[in-house]
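Engineer: Provide a 3D model corresponding to the input given below.
(2 chains)
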Amino acid sequence: MSEAVAHPQALAETYEPSLFGTYSKKIGMWLFLLSDSLTFGALLYAYTYGRISTPNWPTPFHSESIRNATLMTAFLLTSSLTMVLAVRASVFGNAKTQRWWLFATMACGTAFVVLHGREWSNLIAEGLTLPVFPTVPHHTASAEFSNVAQTVPQFPATFFGLTGMHMLHVTLGVIYLGIIALRRTFIPILLGLWLIAWLATPAYSPFHYGAHVLLAAAVVCGVIVWLKPKVYDSSDVEVAGLYWHFVDLVWMFIFPLVYLMSTRII
Amino acid sequence: MDAIQVALASRVAAQHRHHGKGQFFWVWAALLLMTAIEVYLAYQNMQPIRMLSILMGLSLIKAGLIIAYFMHMKFEVSRMKWLTMSSLVACLALMCIFFPDAFRILTLGTK
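Structural biologist: So this is what the prediction gives:
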């Protein structure tokens, strides 16, 4: 074994070569992503089904929403670039650079979630809402959006379902990268973020309850790093990168289908 | 890191070292450019079917670039490429079975 440690290639060659020419962790992530793409596929098909079968499908997205969604897309695409640069830095054994690229990726992902949350809050306040969301006090909904929510309830149901699922994936992706970059040091940071998100959002906001995702993630991550403490290597960074790029990939279909195809042209 | 981790890291390094940083910037620029084209097209008041076809075409190209370069699929062995991509496309294509029903709803009760 000591000879194998001295020559890692020799150790790799003692195992039977993989059928897929790569390591099992990466194949496992690909299998998860294939199953997750069917989840998003089902949601996108449900949205498209609703659109085809509803003659008066609304086009509620004004230029402000489109600008916001375009900026979100730019953040997500840039985060994919910083993620491949993090993988590249890890491959060359440059731990410090890898960590900074991971932080840049997390910053872009966080910007995406914040912009998306702001857009959700604006739409809900305007009246494009779901029955499960509490009403916004001291705020009059606009007739246009209230009308959409009442006459075509499929629109807010599929819109919030699809974009909410994606927002959850981005949030979990940022947490995943945080654990890869900082390991157990990230858990108190995550708990701090949970407290800020919970206390800073008003009680009627869906994000007031959604913030508890951060608490649940902190508990799960705490158990994982306690059960299997390890130094994350380039294979872990690459596998985390696969997840991150998948989140970006899904948005490449949500953005045109949901936003651009429902643009209000005045 | 233990011996297996060291071996794994060296294997990842061997798979990634052959390509330069520049190609990632090209792919990123192409993705941003295609996004800008999509936003421009959204304001062109086109027929929905025509616009949907163009937007989905651009989205498929963008998805292909992300999978090939960012997700490294272009550099995997062909068995990995074919098995993962063909199974994904087959499963997603099967979901199209619902669309005729969506069109049918529009004409229900009108005969």
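
Engineer: C-alpha from now on. contacts and neighbour counts both.
Structural biologist: Will do.

Engineer: Spatially central residue in chain B, please.
Structural biologist: In chain B, the C-alpha nearest the mean C-alpha coordinate belongs to residue B:63, at 2.0 Å (CA atoms, centre = their mean).

Engineer: Can you tell me the element that one falls in?
Structural biologist: Assigned by DSSP states H and E, residue B:63 belongs to helix B:48-65.

Engineer: Next, count neighbours for the nearest residue to residue B:99 once chain neighbours are set aside.
Structural biologist: In this structure, residue B:99 finds its nearest non-sequential neighbour in residue A:49, 6.4 Å apart by CA to CA, 6 or more residues apart in numbering or on different chains. Neighbour count for residue A:49, taken as other CA atoms under 10 Å in any protein chain shown: 19.

Engineer: contacting residues for residue A:49?
Structural biologist: Residue A:49 is in contact with B:98-99, B:102, counting by CA atoms under 8 Å, 6 or more residues apart in numbering or on different chains.

Engineer: And it, which helix or strand is it part of?
Structural biologist: Taking DSSP H and E as the definition, one finds residue A:49 inside helix A:24-53.

Engineer: Can you give the distance from that helix to the centre of its chain?
Structural biologist: 14 Å (CA atoms, centre = their mean, to the nearest Å).

Engineer: avg pLDDT for it?
Structural biologist: Averaging pLDDT along helix A:24-53 yields 92.

Engineer: Which pLDDT value does the model give residue B:105?
Structural biologist: 78.

Engineer: Mind giving me the packing neighbours of the longest helix belonging to chain A?
Structural biologist: Determined from DSSP state H, the single longest helix within chain A is helix A:95-126. Helix A:95-126 sits against helix A:63-91, helix A:143-151, helix A:154-182, with contacts defined as 3 or more CA pairs under 8 Å, 6 or more residues apart in numbering or on different chains; DSSP states H and E.

Engineer: of those helices, which approaches chain B most closely?
Structural biologist: Nearest of those to chain B, taken as CA to the nearest CA: helix A:63-91 at 4.8 Å.

Engineer: quick check, the closest one touching chain B?
Structural biologist: Yes: using CA under 8 Å from any CA of the partner chain, helix A:63-91 reaches chain B at A:66, A:70, A:73-74, A:77-78, A:80-81, A:84-85, A:88, A:91.

Engineer: which parts of that helix are buried?
Structural biologist: Buried residues in helix A:63-91, defined by neighbour count with 16 or more other CA atoms under 10 Å in any protein chain shown: A:65-66, A:68-70, A:72-91.

Engineer: now the chain, which segments are flagged as low pLDDT?
Structural biologist: This is for chain A. Applying pLDDT under 70 to chain A flags residues A:1-16, A:265-266.

Engineer: ah, no, chain B please
Structural biologist: For chain B, applying pLDDT under 70 flags the ranges B:1-6, B:8-9, B:11, B:15, B:17-18, B:109-111.

Engineer: can we see that at 90?
Structural biologist: Within chain B, the ranges that satisfy pLDDT under 90 run B:1-22, B:42-49, B:75-80, B:88, B:91-111.

Engineer: Now do stretch A:204-223: everything it contacts.
Structural biologist: The contact list for stretch A:204-223 (CA under 8 Å, 6+ apart) reads A:117, A:121, A:133-136, A:172, A:175, A:179, A:184, A:187, A:190-191, A:193-194, A:197-199, A:201-202.

Engineer: Mind picking the one among the residues of helix A:63-91 next to chain B that's closest to residue A:245?
Structural biologist: residue A:80 (5.9 Å; CA to CA).

Engineer: how much space between the closest residue to that closest one other than its chain neighbours and residue A:193?
Structural biologist: Closest residue in space to residue A:80, ignoring its immediate chain neighbours: residue A:245 at 5.9 Å, by CA to CA, 6+ apart. For residue A:245, the distance to residue A:193 equals 24 Å [CA to CA, to the nearest Å].

Engineer: and what of residue A:163?
Structural biologist: Taking CA to CA, one finds residue A:163 at 22 Å from residue A:193.

Engineer: Among the two, which residue is more densely surrounded?
Structural biologist: The neighbour comparison of residue A:163 against residue A:193 (other CA under 10 Å) goes to residue A:163, with 19 against 15.

Engineer: Does whatever residue of chain B ends up closest to chain A belong to a helix, a strand or coil?
Structural biologist: Proximity of chain B to chain A (CA to the nearest CA) peaks at residue B:7, 4.3 Å away. Secondary structure for residue B:7, judged by DSSP: H, G, I helix; E, B strand; the rest coil, is helix.
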